[in-house]
Structures are given as structure tokens and as C-alpha cells.
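> Everything below, folded, please.
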Amino acid sequence: MNKFMDKEFYTKLLLLFVILQPVLDILTYASIKALDSSLTIGIVVRVLFMGISLWFIVFGNSSGLKKYVLYYLAAIAIVYGIGLGYNFFAKPIFNPFMELQFLAKTVYFSIMLCSYLLLFTTIDKVSFVRLRVLKAIYIAMLIVSITLILAIITGTSSATYDWDKFGFKGWFYSGNELGSIVAISFPLTYLFALYKAQDTKKIIYFIPVFVLATVSILIGTKVPYFAVLGAAIIVFGSYVVYWIVQKLKNQKESLLNMRLIISFIFLVLFLAATPFSPTFSNVSGDIGAIEEQKKESQNEEPSPDSGMEGGGEEAPEENVEENQNLMSSPILKIILSSRNLYFTSMYNYYEDADVVQKLFGMGYAGNYESPEDRKLIEMDFFDLFFSYGILGILLILTPFLMIVGLFIKLLFQVPGKLLHPENMLILLSIGFGTGIAFLAGHVLYAPAVSIYLAISIVLLIINMLKMDKDYREAKASQ
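Okay, the predicted model is just below:
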């Protein structure tokens, strides 16, 4: 193993790096405001850490999964490289800086995921290091909460929205990314509090959880609010089911009653605070806008007899027109914040692309013909599909497909362990991350966000690999 970068040193760097995430984000916001430059300290530090992680993957570990990881990263390099080289000649406009920047942001998630996986499959005290990683996220979210509340109190907070809606994003640059970070990290913060609160004297560990939940409704976006609400409901429901099962089996778990009560109190308080939050006001506004759009659509509808002949079937032309108008629906525009319109534009680029671009992608923002048309959909899986093609998206989806396969396998083998309330929190974190990536974007190609999703995925993989190993050993001993 390389002496410059061993597992102990990389573990310490990782913990420090996680804790510093919100600090980097705040410094990024400050540098953009002060210098109006796209090259920020956040980008520099994250690129440096990506390089360190790549060094650790190649030279700093002895994991049994190392060769598979190297094959995977080599395949990514080949597919992305071919796409980049071909698009240099094929795209109407090829901006090297933007293309390379987007590629670096995309590959960041894959490298972080692989390095964390190799780390956890190399170290001996997995449970100890896992707790330290959760603690680092817990501290990072505490920094997020404190700084945002301080920004609001001092009147220095930036607004999440420029008009119509309102919310606070503190000293952070992007409200969408901040909301995604809170949504993905909240279940992990909750999990750490559960681990540490071993008796009533240590319930103090839940205070940062309550504060982070408060922050989720102050940001004003739908993503963190519904993530925290969903987590609160699912965790409480899981503990209720687990409590019933324990009663039926006449078994006792010392901390179950306390955790059940805490989860119930948290859910009630969160619901009670909701009506007074920016998020509630913004969501109410969206619902009102949707209702208005429905009324306008109804008023514009033709009479029942139009398009019909003698009470016959609807004309085929109207069916075609209805399908074409679906993606430009005003209601869908409100729900998806106009992402449906950008999808239509990108899909048109893809339809006109040649076979090579269909396989390897069209690069950043597709085959746009003027800088004014350069726009991502901001729905990660679609953006990555159009940018890296069929082969690229298959490589990106590989870790997710592996998780689904292993999850289904264990669901039949050890469902009780797999669906334990504490394990459900990690599942929720991944579910929120992938859901946000699909609907709202700013996750898989946003390094400030993807690091948290990568950690959640690795924590789940490690847990599932251990469950699978224990199951096989138990079967072998019978």
C-alpha cells in the first residue's frame, strides 16, 4: 500500500472534507458575490480532493473490489472521452471550458462513490468509521442550520427566489442545492441522533435534528420540506410497525419506546410549524396557480360536439395535437418549474443527432446553435442521458441497479434486518437523492450535493453486503 495515501490518512481527510462542505459553500457564495468569478475556492478544494480520492483508488487501498472499480472507472473514461472528442467536431457550438467543467462535475460523483466504497471495504472497524462519517455529516448540517438562522437574524440572508415566492438561503449561493443537501442529509442526521441517544439524558442529540427540520421549511423550496415530512412519517410508521412486531413476539428492545415517542413528537411539531413557514405559502401559491390554469383550460375547451361526427369517436388529429401539447401543459410547467419545456427542446436535439451522439451523447446542453439556447433540463437523469448517451447513462446507473438487485435479493432473505427503522433512514436518504435528481436536478452533477448521496449509497451497500455475508454463513452452518 502506498505510504503517501493509506486508509487511515484518507479517512481523516474524508471526515474533515465532509465537515468543511458548508464552509466551502459559504466561501463560494462570498467569492462569487465579491469577485464575480466562476473559479471559486469551493471548486478548487473539491477538485483537489477528487484528485486525492483518485490516487487513493489506484494506489492507497487493497480492497477486493479494487479491480472492478478500476474497470468501471476506465469504462467511464473511455465513453466520456469518445463523446467529448466526437462532439468537438460534431456540435454546432463547442465550448471547451463548459464541456470540461460539466464532465468534471459528472465524474466527481462516480469517483467519490468508488473511493468511499473501497475505503469501507478495506478498513477493519467499519461500524466505528461509519459512526464517525455520520457524525461529520451531523456537524456539517449543524453548521448549515446555525449559519442560515444567523443570516436571517442579522438580515444578511439572500433570498431563495427573486420574485413571487419567498424563502431564505442564508449565505449559500443556490437554494436548490441547499434544499437538496438538507433533504439527503436529514435522514443521516436523524440516524446519528438515534445512535447517540441511548438514554433520556442524551435526547439533546435531537436538538440539531429539530433545528435542521426548521431550516427545511425556511428555505422555501418544496424539496427539503417534503423530504423531512416524508422521513418523519416513514420513520414514525416504521417504529410503530416494529413496536407491534416486538409485542407480538414478546420481545423487548430497550430503546424502542423512547425512539417511538421521539419520532411521534417530532412529526407533530413539524406539522404544527408548517402553516407558518415560507414553504407552506409557496406550495399554497402553486396549488392556487394550478387551479387557475385548470379553470382557464376548461373555459377554452371546445363544445362536446366539436371534432365529432354524428356522435362518433374523437378525430385522430385531435389526439395527436393533445399528445403534442402535453409537454407544454401550463399545469405541468408549474409543477416542474418549466423543466418540461426544456426537455422538449433537448429531445428535439437528440432526435436529429446521429448514431454516435445517440450512443455517446451530445455533450453539455446538447446541439444548441446559439449561446442563448444553451440550457440544461435540470432533471439529472435526462440531462446525463442526453449529454452522455445510451452507454454513458448505463454506466451512471450501474451503482443504482446494483443496489436494487441486492435489495430485492435481501428482501426475500432477511426482510426484518433490511427494513429495520434505522436502515430505513439510509434508504430514505438515497430515495430522496435519486428522486430529487430525477425531478428537480442539482444532485448527480452538483459536487456540493452528490458527496452526500455517495456516502448514503456506500453506507447502504456496506450494510447489505454484511447482511448477505451473514445470511450465507448462517446457511452454510446449518
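
> Give me the neighbour count for Gly81.
Look at Gly81: counted by other CB atoms under 10 Å, it has 12 neighbours. Where you see a C-beta, it was placed from the backbone N, CA and C, and this is true even at glycine.

> which other helices and strands contact the helix or strand harbouring it?
Taking DSSP states H and E as the definition, one finds Gly81 inside helix 66-90. Helix 66-90 sits against helix 41-59, helix 96-120, helix 355-360, helix 380-413, with contacts defined as 3 or more CB pairs under 8 Å, 6 or more residues apart in numbering; DSSP states H and E.

> Of those helices, which stretch is the most buried?
Neighbour counts averaged per stretch over the helices and strands packed on helix 66-90 are highest for helix 96-120, at a mean of 20; criterion: mean count of other CB atoms under 10 Å.

> Give me the distance between that one and the centre of its chain.
15 Å (CA atoms, centre = their mean, to the nearest Å).

> Please convert the helices and strands packed on helix 66-90 to CSV, extending it with distance to Ala151 and mean pLDDT.
Output for the helices and strands packed on helix 66-90, formatted as CSV (distance: least, CB to CB, whole Å; pLDDT from 0 to 100):
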stretch, distance to Ala151, mean pLDDT
helix 41-59, 18, 94
helix 96-120, 26, 95
helix 355-360, 43, 98
helix 380-413, 28, 95
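
> how about those in CSV, adding distance to Val240?
Shown next, in CSV, are those (distance: least, CB to CB, whole Å):
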stretch, distance to Val240
helix 41-59, 41
helix 96-120, 31
helix 355-360, 49
helix 380-413, 20
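
> The ones you listed: which one's closest to Tyr138?
Nearest to Tyr138 among the helices and strands packed on helix 66-90 is helix 96-120 (17.2 Å), distances taken as CB to CB.

> next structured bit after that closest one?
For helix 96-120, the following helix or strand on the C-terminal side (DSSP H and E) is helix 126-154.

> which is the next helix or strand following that following helix?
Remark: after helix 126-154, the chain's next helix or strand is strand 158-159, criterion DSSP H and E.

> returning to that earlier point: buried set for the helix holding Gly81?
Within helix 66-90, the residues scored as buried using 16 or more other CB atoms under 10 Å are 66, 69, 72-73, 76, 79-80, 82-84, 86-87, 90.

> Out of those residues, which is nearest to Ile19?
Relative to Ile19, the closest of those is Val69; by CB to CB it sits at 25.5 Å.

> The closest one contacts Val58, correct?
No: using CB atoms under 8 Å, Val69 makes no contact with Val58, being 9.5 Å away.

> just for the stretch 301-450 of the chain, where's the confidence low?
Applying pLDDT under 70 to the stretch 301-450 of the chain picks out residues 301-338.

> how about the residue sitting nearest the centre point of the chain, secondary structure?
Centre of the chain computed as the mean C-alpha position; nearest residue by CA atoms, centre = their mean is Gly433, 2.4 Å away. The local conformation at Gly433, judged by DSSP: H, G, I helix; E, B strand; the rest coil, is helix.

> Quick check: the gap between it and Leu271.
Distance of Gly433 to Leu271, given as CB to CB, to the nearest Å: 24 Å.

> ok so, going back, please tell me how far the residue nearest to the centre of the chain sits from Gly416.
In terms of CB to CB, Gly433 sits 25 Å off from Gly416.

> same check, this time on Ile436
When Ile436 is compared with Gly416 (using CB to CB), they lie 29 Å apart.

> Surely Leu194 is in contact with Glu422?
Yes: Leu194 is within contact range of Glu422, at 6.1 Å (criterion: CB under 8 Å).

> Distance from stretch 206-217 to the middle of the chain?
The answer for stretch 206-217 is 19 Å, by CA atoms, centre = their mean.

> Contacts for it, please.
For stretch 206-217, contacts defined as CB atoms under 8 Å, 6 or more residues apart in numbering pick out 138, 141-142, 144-146, 148-149, 179, 182-183, 185-186, 189-190, 193, 197, 224-225, 227-228, 232, 262, 266, 269-270, 273-274, 277-280.

> on that earlier part again, so between Leu194 and Glu422, which is more surrounded?
Leu194 (22 against 16).

> need the contact list for the more buried one.
With contact taken as CB under 8 Å, 6+ apart, Leu194 is in contact with Arg259, Glu422, Leu425.

> Kindly report the same for Thr398.
Contact analysis of Thr398 by CB under 8 Å, 6+ apart lists Tyr72.

> burial of Val241, as a residue count?
Val241 has 12 nearby residues by other CB under 10 Å.

> The residue nearest to the centre of the chain against Ser456, yeah?
Yes: between Gly433 and Ser456 there is a contact under CB under 8 Å: 6.4 Å.

> Which residues are in contact with each of those two?
Ile184.

> Need the nearest residue in space to Ser281, chain neighbours excluded.
In space, and not counting its chain neighbours, Ser281 is closest to Phe166: 7.1 Å by CB to CB, 6 or more residues apart in numbering.

> so that neighbour touches Ser277, yeah?
No: look at Phe166 against Ser277 with CB under 8 Å: they stay out of range, at 10.5 Å.

> excluding its backbone neighbours, what's nearest the residue nearest to the centre of the chain?
Nearest to Gly433 is Leu453, by CB to CB, 6+ apart, at 3.8 Å.

> Any figure for the gap between Gly168 and Leu103?
One thing to correct before we go on: residue 168 is Phe, not Gly. Phe168 sits 33 Å away from Leu103, taking CB to CB as the criterion.

> next one: Ala365
With distances taken as CB to CB, Ala365 is found 13 Å from Leu103.

> same question, Asp470
Using CB to CB, Asp470 is found at 40 Å from Leu103.

> if we can go back for a sec, out of Phe166 and Ser277, which sits in the more crowded spot?
Under the neighbour definition other CB under 10 Å, Phe166 and Ser277 were set side by side, and Ser277 has more, 19 against 14.

> Next up, the contacts around that one.
With contact taken as CB under 8 Å, 6+ apart, Ser277 is in contact with Ile217, Leu218, Tyr225.

> Now tabulate those in TSV and tack on neighbour count, secondary structure and distance to Arg46.
TSV is the format used below for these (neighbours: other CB atoms under 10 Å; DSSP: H, G, I helix; E, B strand; the rest coil; distance: CB to CB, whole Å):
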residue	neighbour count	secondary structure	distance to Arg46
Ile217	21	helix	29
Leu218	22	helix	26
Tyr225	27	helix	27
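
> For these, give me JSON lines that also has distance to Ser110 and pLDDT.
Compiled in JSON lines, the contacts of Ser277 are given as follows (distance: CB to CB, whole Å; pLDDT from 0 to 100):
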{"residue": "Ile217", "distance to Ser110": "33", "pLDDT": "91"}
{"residue": "Leu218", "distance to Ser110": "33", "pLDDT": "93"}
{"residue": "Tyr225", "distance to Ser110": "30", "pLDDT": "91"}
